[in-house]
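Q: Sequence plus predicted model, see below.
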Amino acid sequence: MLDLVVLSLHFLLCFLIFLAIWRGHEDVDLPSASTGTVEMEPGGLILIGKEEDIKKSQRITAKVNGREVVVFYHEGKFHALDSRCYHEGGPLCLGEIEDIAGQACIVCPWHKYKITLETGEGLYEGINPLEPSPTPQWQSKGVKQRIHKVTVDNGNVYVSPPDLSVSFDSDYFAEKYKNGGDLSMEK
C-alpha cells in the first residue's frame, strides 16, 4: 500500500513539473503577437512590438507571414528564429538561453538541442577518437534553424519576412505549425 502512495505522489509531482514547464514564459500582450495581426511597414518589415516591452519580457512570439517566430532580447541584442526546433518541433519560446563555447544558445526544452541565437547553427558535444586522450568539444552541425533579421527603429522592433529561396531544417516544422495548424503552440 505504501508503494502505491509513493507512486501516486511521484506521478502528481511529475505532472505538476510538466505543467510548470508547459506554461513556460509568458509573452507580452501585444497586438501583433497576441492576435496574429501584423503591421507591414514600407520595405516589407513586420512590426513585432515595442522595444521596451520586449526588453522587459526577454522574449515574445509573433506571426511573420503565417510563421511562428520567437524574438529574444539577450545581452543587449535582439534575435529572431523560427519558434519550433528543427529537430522535432519543440517550442523554443519555452527554452532557456545558455552560453556554450562563447555563443548564446537557446536550448530546446524537449530534447535539449542547442541552437545559436546569432546564426541558427545546431551545436553538439563530440570527441575526435583519433586524439590520444579525446576530450569533448562543442562542434557545429551547420545552420539548421532559420533566423530572421531584426530591425529596431524609433522604439519599435521589426522582423524581415523570411527568404524562402534558401531552405533550413526548421522550415518543416514552421510549415507544419503555420496558421494555427493542429500542432500550434497557441494556448
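A: That came through, no problem.

Q: which residues of this protein fall in strands?
A: 39-40, 46-50, 59-64, 67-74, 77-82, 96-100, 103-107, 114-116, 121-126, 137-143, 147-148, 150-153, 156-159 (DSSP state E).

Q: nearest to V166, of these?
A: Proximity to V166 (C-beta to C-beta) singles out strand 137-143 among the strands of the chain, at 9.4 Å. Placement of C-beta: from N, CA and C, glycine included.

Q: circling back to that earlier point, could you dump the strands of the chain into TSV and include mean pLDDT and distance to Y172?
A: TSV is the format used below for these (pLDDT from 0 to 100; distance: least, C-beta to C-beta, whole Å):
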stretch	mean pLDDT	distance to Y172
strand 39-40	63	26
strand 46-50	95	22
strand 59-64	93	17
strand 67-74	96	12
strand 77-82	97	10
strand 96-100	96	24
strand 103-107	97	18
strand 114-116	98	15
strand 121-126	95	14
strand 137-143	94	15
strand 147-148	96	16
strand 150-153	95	23
strand 156-159	96	20
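
Q: Make a markdown table from the ones you listed and add distance to F168 and mean neighbour count to it.
A: Shown next, in a markdown table, are these (distance: least, C-beta to C-beta, whole Å; neighbours: other C-beta atoms under 10 Å):
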| stretch | distance to F168 | mean neighbour count |
| --- | --- | --- |
| strand 39-40 | 23 | 12 |
| strand 46-50 | 19 | 21 |
| strand 59-64 | 15 | 23 |
| strand 67-74 | 12 | 23 |
| strand 77-82 | 8 | 22 |
| strand 96-100 | 20 | 13 |
| strand 103-107 | 15 | 20 |
| strand 114-116 | 11 | 23 |
| strand 121-126 | 10 | 16 |
| strand 137-143 | 6 | 14 |
| strand 147-148 | 9 | 22 |
| strand 150-153 | 17 | 15 |
| strand 156-159 | 16 | 23 |
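
Q: Pipe these into JSON lines and attach distance to E88 per row.
A: Converted to JSON lines, those look like this (distance: least, C-beta to C-beta, whole Å):
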{"stretch": "strand 39-40", "distance to E88": "32"}
{"stretch": "strand 46-50", "distance to E88": "26"}
{"stretch": "strand 59-64", "distance to E88": "18"}
{"stretch": "strand 67-74", "distance to E88": "15"}
{"stretch": "strand 77-82", "distance to E88": "13"}
{"stretch": "strand 96-100", "distance to E88": "18"}
{"stretch": "strand 103-107", "distance to E88": "14"}
{"stretch": "strand 114-116", "distance to E88": "13"}
{"stretch": "strand 121-126", "distance to E88": "13"}
{"stretch": "strand 137-143", "distance to E88": "15"}
{"stretch": "strand 147-148", "distance to E88": "19"}
{"stretch": "strand 150-153", "distance to E88": "26"}
{"stretch": "strand 156-159", "distance to E88": "24"}
